[in-house]
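Q: below are the sequence and a predicted model; questions follow.
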Amino acid sequence: MKQKTIKNNFITPIVSDSEWTAKYPKVDREYVWTYPLLHGPEEFRAKEIFSEPNVPIISNDLVVYIHLPACLFRCPMCPFYVELVKSREQIMGYANLLIKELEMYEKTGVLSKYNLKAIYFGGGTASLLFPDDVGKIVKNVMKCIKNDGNVEITLEGHPVLADYNYLSALHSVGVNRVSFGIQSFCDDDLRVMGLKQTAKSNFKTLENATKLGFNTVSADMLYRLPNQKPNDVLIQLNQFLETGITSLSAYSLELSVRQGEQIKMQASEEEDKEMFYLINETLLHKNWNHTAQPDYSHKSHISEETVVTWKAPQGQTLGLGAGACSSINGNTYFNVHSMEEYNNVISEGCLPILSGQKYTLADAMSRYMVLGARCFNLPRKPFFDAFGIDMFDVFSNEIYQLSKLGLVSKDEDALNITRDGKYYVDNISKTFYSLENRCHVQPWGEKMKGAVAKDYLSII
């Protein structure tokens, strides 16, 4: 393995404390999806990913996340980096690049320590991939990383790009879980949001997926739509449940600056909270599991990818593809986002790593809390076994402050997010940020646009 110096040329922006977090009782709307952030100032060297970590590794369970930052069209509220394409044919060859990237990791030997639990195809629009290419990627991942054969394989699909024949082909190559960006079954709402699907295509997509026998059929639902009232949300939720889905992610709509007029028509924060608890209580009453915020499922359909990624003690994530994020071996790092740059770097036999952060001990301990809060239960024992200290002592001040607000509660075995705390998960997560990570914002994809590394790590 030959090293070329990689310069950490992108650090997540620093903002003021007042910009960084909304103070309770205001809900923080910055979705905390990765941690630690790129807080520097030390140069990140990609070769260190494959050396002994300088923090304890709590779990060797692994998710392989496959990222395709391509779409046929941009949804107006989307904050991610995407490149617009005209057809599936335009990304032919991308699967071969992903497999080459995977093979580079295999050469380093780092994958030998992991237990594969889930493969997740996301985007962008993952359903732009041809089913044969999906199958080829799955086969190679399963061959490279030890597993018991019972691996959850999820592909995110757009209703416009997931007809019966496509879904049937996915099922035949081993995909056993599908997730669709349905959002609503009201054509007027879909039109106002600038989305391309229709209520008819949404219903048909879910009907087809259910008929084909995927283990789990999941859907995304947006609420707090322009002019929507709490009772409308209840009607909307029941429409989703009547389709027979077994998993649901319910997101409060965040509109972009491109939708300024619609922001004025959105529900107030008090109504938003009412909508949140209407969804929560309805699903819990129906015996659904609230696995993580915003993810619900039947208790026999809990997502392995969600559990490994978020639930304390967290596992590892290997991200493959342009713009993918990884958290392995005590490092968080990002691939270059441009698909052209990704192609060039992979073709040269290099890993396409843009920038990253090697965990400090403070990063590792706070990561357990920051991500784990999203799953509402933070057990003490795995923390103590890993770090040799009680998390109630390490975070005594943070826990005290959150307890005073009624957002968390302690018992002998764990810190638990209360019913009141569920609405404030991101506020809670940010309370546990280490000093070095405070006031750094999440690295949403559009902020990475145009960033390239000066040097990449060659794998020979």
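A: Arrived safely, thanks for sending.

Q: which SSE is immediately downstream of the worst-scoring helix or strand of the chain on mean pLDDT?
A: Scoring the helices and strands of the chain by mean pLDDT, DSSP states H and E places helix 260-263 at the bottom, with a mean of 72. Of the helices and strands lying after helix 260-263 in sequence (DSSP states H and E), the nearest is helix 269-285.

Q: contacts made by that following helix with the rest, please.
A: For helix 269-285, contacts defined as Cβ atoms under 8 Å, 6 or more residues apart in numbering pick out 26-27, 223-224, 228-230, 233-234, 237, 248, 250, 252, 266-267, 290, 296, 422-423. No exception for glycine: its C-beta is placed from N, CA and C like everyone else's.

Q: do stretch 128-145 as well
A: Contacts of stretch 128-145 (Cβ under 8 Å, 6+ apart): 62, 64, 66, 68, 70-72, 85, 88, 91-92, 94-95, 98-99, 102-103, 105-106, 111, 114-116, 119, 121, 151, 153, 155, 161, 166, 169-170, 172-175.

Q: so for that stretch, mean pLDDT?
A: Averaged over stretch 128-145, pLDDT sits at 98.

Q: start and end of stretch 33-42, how far apart?
A: End-to-end distance for stretch 33-42, by Cα to Cα, to the nearest Å: 23 Å.

Q: that one: which residues count as buried?
A: Neighbour-count burial for stretch 33-42 flags 34-39 (criterion: 16 or more other Cβ atoms under 10 Å).

Q: ok, stretch 329-340 next?
A: By neighbour count on 16+ other Cβ under 10 Å, the buried set for stretch 329-340 is 329-339.

Q: you'd agree Ile58 is in a strand?
A: No - Ile58: not assigned to a strand; according to DSSP: H, G, I helix; E, B strand; the rest coil it is coil.

Q: wait, it touches Leu371, no?
A: No - assessed by Cβ atoms under 8 Å, Ile58 is found out of contact with Leu371, at 11.5 Å.

Q: and the two? Which one has more around it.
A: Leu371 (23 against 19; other Cβ atoms under 10 Å).

Q: what does the helix or strand where that one lies contact?
A: Element membership for Leu371, per DSSP H and E: helix 361-372. Under the criterion Cβ under 8 Å, 6+ apart, residues 32, 35-36, 54-56, 58, 309-314, 330, 357, 359, 378, 382-383, 386-387, 391, 394-395, 398, 415, 429-430, 432-437 lie in contact with helix 361-372.

Q: residue ranges of the helices in the stretch 101-250 of the chain, please?
A: Remark: helices assigned in the stretch 101-250 of the chain by DSSP state H, counting those that start in this stretch are 131-144, 164-172, 187-192, 199-212, 230-242.

Q: picking up where we left off before, buried ones in the helix holding Leu371, by neighbour count?
A: Buried residues in helix 361-372, defined by neighbour count with 16+ other Cβ under 10 Å: 362-372.

Q: could the residues you listed go into CSV alongside pLDDT?
A: What follows is the buried residues of helix 361-372, written out as CSV (pLDDT from 0 to 100):
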residue, pLDDT
Ala362, 97
Asp363, 97
Ala364, 98
Met365, 98
Ser366, 98
Arg367, 98
Tyr368, 98
Met369, 98
Val370, 98
Leu371, 98
Gly372, 98
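
Q: from the residues you listed, which is closest to Ile182?
A: Leu371 (26.3 Å; Cβ to Cβ).

Q: and the closest one, how far from Asn115?
A: Leu371 is 19 Å from Asn115, where distance means Cβ to Cβ, to the nearest Å.

Q: Ile245 is in contact with Phe214, isn't it?
A: No - with contact defined as Cβ under 8 Å, Ile245 does not reach Phe214; the gap is 10.5 Å.

Q: so, low pLDDT: which residues of this protein?
A: Scanning the chain for pLDDT under 70 picks out 1-12, 256-260, 445-447.

Q: how about Val55, what does it touch?
A: The neighbours of Val55, taking Cβ under 8 Å, 6+ apart as the test, are 330, 359-361, 363-364.

Q: list the buried residues in stretch 342-356.
A: 342, 345-346, 350-356.

Q: can you check stretch 285-303 too?
A: Counting neighbours by 16+ other Cβ under 10 Å, one finds that the buried residues in stretch 285-303 are 288-298, 301-303.

Q: out of the contacts of helix 269-285, which end up buried?
A: Of these, these count as buried by 16+ other Cβ under 10 Å: 27, 223-224, 228, 230, 233, 237, 248, 250, 252, 266-267, 290, 296, 422-423.

Q: which members of those are the farthest-apart pair?
A: With Cβ to Cβ as the measure, no two of the buried ones among the contacts of helix 269-285 lie farther apart than Gln266 and His290, at 24.0 Å.

Q: tell me where the stretch 1-150 of the chain has strands.
A: 61-68, 70-71, 83-84, 115-123 (DSSP state E, counting those that start in this stretch).

Q: okay if I get those strands as JSON lines plus distance to Lys404?
A: As requested, the strands of the stretch 1-150 of the chain are exported to JSON lines (distance: least, Cβ to Cβ, whole Å):
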{"stretch": "strand 61-68", "distance to Lys404": "35"}
{"stretch": "strand 70-71", "distance to Lys404": "44"}
{"stretch": "strand 83-84", "distance to Lys404": "47"}
{"stretch": "strand 115-123", "distance to Lys404": "37"}
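
Q: these: which one's closest to Ile14?
A: Using Cβ to Cβ, the nearest of the strands of the stretch 1-150 of the chain to Ile14 is strand 61-68, at 26.0 Å.

Q: look up how far Arg438 lies from the residue nearest the centre of the chain.
A: By Cα atoms, centre = their mean, the mean C-alpha position of the chain lies nearest to Trp33, the distance being 6.0 Å. Per Cβ to Cβ, Trp33 is found 17 Å from Arg438.

Q: what about Ala453, neighbour count?
A: Here the number of neighbours of Ala453 (other Cβ under 10 Å) works out to 25.

Q: isn't there a strand covering it?
A: No - read with three-state DSSP, Ala453 is coil and lies in no strand.

Q: so it touches Leu354, yeah?
A: Yes - using Cβ under 8 Å, Ala453 is in contact with Leu354, at 5.3 Å.

Q: give the buried residues for the helix or strand Asp393 falls within.
A: According to DSSP H and E, Asp393 maps onto helix 391-394. By neighbour count with 16+ other Cβ under 10 Å, helix 391-394 contains the buried residues 391, 394.

Q: elements contacting that helix?
A: For helix 391-394, the packing partners by 3 or more Cβ pairs under 8 Å, 6 or more residues apart in numbering; DSSP states H and E come out as helix 361-372, helix 380-387.

Q: and the closest residue to Thr205 other than its chain neighbours, what does it touch?
A: Leaving out its chain neighbours, the residue that sits closest to Thr205 by Cβ to Cβ, 6 or more residues apart in numbering is Pro159, at 4.3 Å. By Cβ under 8 Å, 6+ apart, the contact list for Pro159 reads 180-182, 197, 201-202, 204-205.

Q: who's in contact with the least confident helix or strand of the chain?
A: 192, 226, 255.

Q: and the second one, how far from Asp411?
A: What that stands for is Pro226. From Pro226 to Asp411 the distance is 42 Å (Cβ to Cβ).

Q: between those two, which is the more surrounded one?
A: Pro226 (18 against 8).
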